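# all I have is the shape, not the residue letters:
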C-alpha cells in the first residue's frame, strides 16, 4: 500500500470528477510543466514504457495507473453516475507547498469540474482500514476502535463510525476532506447550510471551495465531528458503507 521512500504523514490525494476528459488531459500537461514526468502506464494489465500520449488517449476497460517520477502516481477511471459515464482521476503525491499552490491554480482555471477534493491520504488509509493485523503490524493503536465481522466471519474493525473514511456512492468516492470543490454535484443551497467550515468561497469558474479545517497537514482526529456533520449535510448518512 505504501512505498518505503515516502514520508507517510505527507501522503496526499487530489481527486477530480468530470464528465469531460479534457480536465484530465489538462492536468497531465500541467504537472509535466512543473517537472513531473510519466515513467510508465498500466492499462488492462499491460505496462507501457513509451507512446504515452497514445496510451492516455486510448480507452481501457479497467482504467489507467500512470506511474510518475518521485513515486507519485495518477489513477484514471470511468464510472457510471446518474445514468451517464463520469471520468475521474486521483493524483497521489508527497505534499509540497509548491504543488499544492499549483493544484489550486489548476482548479481555479478549470472548467467542467463536477466534484473535487484534496486531503491527507495517510489519514484516509487508516480510516478505511478494517484489518486488525494491519494495525498491529504497523504498530497503530487500536484504542477506541469498534469491532465487527467481515465477509469471511472474521473479527475486523468497524469503520462505520470513522468519519474520515471513503464512501462510495453511485460511481463516486466521497471523502470529508480538508478541502472540497463542489460543482454541479450538489445543490448550492445545501452548501450554504455547511456553516461549520474553516472557510468557504465561490470561485470565478462557479466552483464552491469548502475547507473543513485550517491545515492540510494537521491532526485530522481533532476534526471527526466536523467530518461527521459534513457527511450528513451532503446526504451520506452514518450507516453508509465504504
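Nice, thanks for sending it over. Please read these numbers as outputs of a predicted model, since none were measured by experiment.
# what about the helices in the protein?
Remark: helices of the chain, listed N- to C-terminal, are 22-33, 52-57, 97-109, 121-128, 132-137, 188-192, 224-233; assignment by DSSP state H.
# so which of the ones you listed gets nearest residue 159?
helix 121-128 (6.3 Å; C-beta to C-beta). Every C-beta, even on glycine, is put in place using the N, C-alpha and C of the backbone.
# quick one, what contacts the closest residue to residue 64 other than its chain neighbours?
Once flanking residues are discounted, residue 64 sits nearest to residue 76: 4.3 Å by C-beta to C-beta, 6 or more residues apart in numbering. With contact taken as C-beta atoms under 8 Å, 6 or more residues apart in numbering, residue 76 is in contact with 24, 63, 64, 66, 87, 88, 89.
# mind listing the residues bridging to residue 76?
Beta bridges link residue 76 to residue 64, residue 89, judged by DSSP bridges.
# tell me the pLDDT of it.
On pLDDT, residue 76 comes in at 96.
# ok, now the one 3 residues further on?
The predicted structure scores residue 79 at 93 on the pLDDT scale.
# excluding its backbone neighbours, what's nearest it?
What sits nearest to residue 79 in space, not counting adjacent residues and going by C-beta to C-beta, 6+ apart, is residue 171, at 3.5 Å.
# now swap in residue 146 and tell me
Using C-beta to C-beta, 6+ apart and skipping the chain neighbours, the partner closest in space to residue 146 is residue 158 (4.2 Å).
# next, the contact list for that neighbour, please.
Taking C-beta under 8 Å, 6+ apart as the contact definition, residue 158 lies against 130, 145, 146, 147, 148.
# ranges for the strands of this structure?
For the chain, strands defined by DSSP state E occupy the ranges 11-18, 38-43, 46-48, 64-68, 73-81, 84-94, 113-120, 147-149, 155-157, 166-169, 172-175, 179-182, 199-202, 208-211.
# reformat those strands as a markdown table; add distance to residue 103.
Written out in a markdown table, the entries for the strands of the chain read as follows (distance: least, C-beta to C-beta, whole Å):
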| stretch | distance to residue 103 |
| --- | --- |
| strand 11-18 | 6 |
| strand 38-43 | 18 |
| strand 46-48 | 26 |
| strand 64-68 | 14 |
| strand 73-81 | 12 |
| strand 84-94 | 8 |
| strand 113-120 | 6 |
| strand 147-149 | 36 |
| strand 155-157 | 31 |
| strand 166-169 | 20 |
| strand 172-175 | 16 |
| strand 179-182 | 10 |
| strand 199-202 | 16 |
| strand 208-211 | 12 |
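# most packed of those?
Each of these was given a mean neighbour count from mean count of other C-beta atoms under 10 Å, and the largest, a mean of 24, is that of strand 179-182.
# burial count for residue 62?
Applying other C-beta atoms under 10 Å, we find 11 other residues in the vicinity of residue 62.
# so it makes contact with residue 44?
Yes. Between residue 62 and residue 44 a contact is recorded at 5.4 Å, counting by C-beta atoms under 8 Å.
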